[in-house]
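Engineer: what follows is a protein structure lacking sequence information:
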């Protein structure tokens, strides 16, 4: 595997090709997920060099499908991995493992291995982080510009549902992020409970 060359390739492709309106799913998100995944892997005791290399490449490719599609981007990312990684010495078996990791991040997440659990937790690490608010706001703007969210109330309802059904998988992420995530969910539920009712329509002249 020529991992560095493959990494340079995909990062350059993302840098050149991602839409500037991917306020959340931009290159910065890919770099963040990659960094968190590798750090989680260390804490979780993953020390196999090949496993770490495949995890890193999966993190770098996990949202590369946004180069071609918004819906179903995970499958598109796998197609891109299958089309490009053989040029960098990756075997079909290694690419299949990378694609399994990418597809595990599709919501609802269904990781079937320790590496998949790590990547899933890295992908949504921000849900329990102090920078939750600016990151979630960037996703709100991304969805709004694509007319995928109607208004701010709908956004908070979506967040409440997402946070309610989301879970962390690794012991490390559970210990670090689950409690802050729950506090964020409680805050959003309180916001919704106190949301102003729409103005009552006024009657016209008799």
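Structural biologist: Right, received. Where do you want to start? What you are looking at is a predicted structure, and each value in this text was computed from that prediction instead of being measured. Numbering: from 1, shown residues only.
Engineer: how many other residues sit next to the residue nearest to residue 127 when sequence neighbours are not counted?
Structural biologist: Once flanking residues are discounted, residue 127 sits nearest to residue 181: 4.8 Å by Cβ to Cβ, 6 or more residues apart in numbering. The way it works is simple: take the backbone N, C-alpha and C, and place the C-beta from them, glycine included. When counting by other Cβ atoms under 10 Å, one arrives at 23 neighbours for residue 181.
Engineer: got the confidence number for residue 181?
Structural biologist: If you check residue 181, the pLDDT there is 98.
Engineer: quick one, longest helix in this structure?
Structural biologist: Counting residues, the longest helix found in the chain (DSSP state H) is helix 171-193.
Engineer: remind me what that helix packs against, helices and strands.
Structural biologist: helix 27-43, helix 114-123, helix 152-165 (3 or more Cβ pairs under 8 Å, 6 or more residues apart in numbering; DSSP states H and E).
Engineer: one more time with 10 Å
Structural biologist: Other elements packing on helix 171-193 under the criterion 3 or more Cβ pairs under 10 Å, 6 or more residues apart in numbering; DSSP states H and E are helix 27-43, helix 114-123, helix 132-145, helix 152-165.
Engineer: out of those helices, which is closest to residue 78?
Structural biologist: helix 114-123 (13.4 Å; Cβ to Cβ).
Engineer: going by neighbour count, list what's buried in the closest one.
Structural biologist: 115-123 (16 or more other Cβ atoms under 10 Å).
Engineer: so how far is it from its chain's centroid?
Structural biologist: 10 Å (Cα atoms, centre = their mean, to the nearest Å).
Engineer: the longest helix of the chain: which residues count as buried?
Structural biologist: So helix 171-193, judged by 16+ other Cβ under 10 Å, has buried residues 172-173, 176-177, 181, 184-185, 188.
Engineer: in a markdown table, list these along with distance to residue 98.
Structural biologist: Formatted as a markdown table, those follow (distance: Cβ to Cβ, whole Å):
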| residue | distance to residue 98 |
| --- | --- |
| 172 | 22 |
| 173 | 21 |
| 176 | 26 |
| 177 | 25 |
| 181 | 28 |
| 184 | 31 |
| 185 | 32 |
| 188 | 34 |
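Engineer: identify, from those residues, the entry nearest to residue 107.
Structural biologist: residue 181 (15.3 Å).
Engineer: does that closest one touch residue 136 like I think?
Structural biologist: No: with contact defined as Cβ atoms under 10 Å, residue 181 does not count as touching residue 136 (11.6 Å).
Engineer: kind regards, and thank you for your time.
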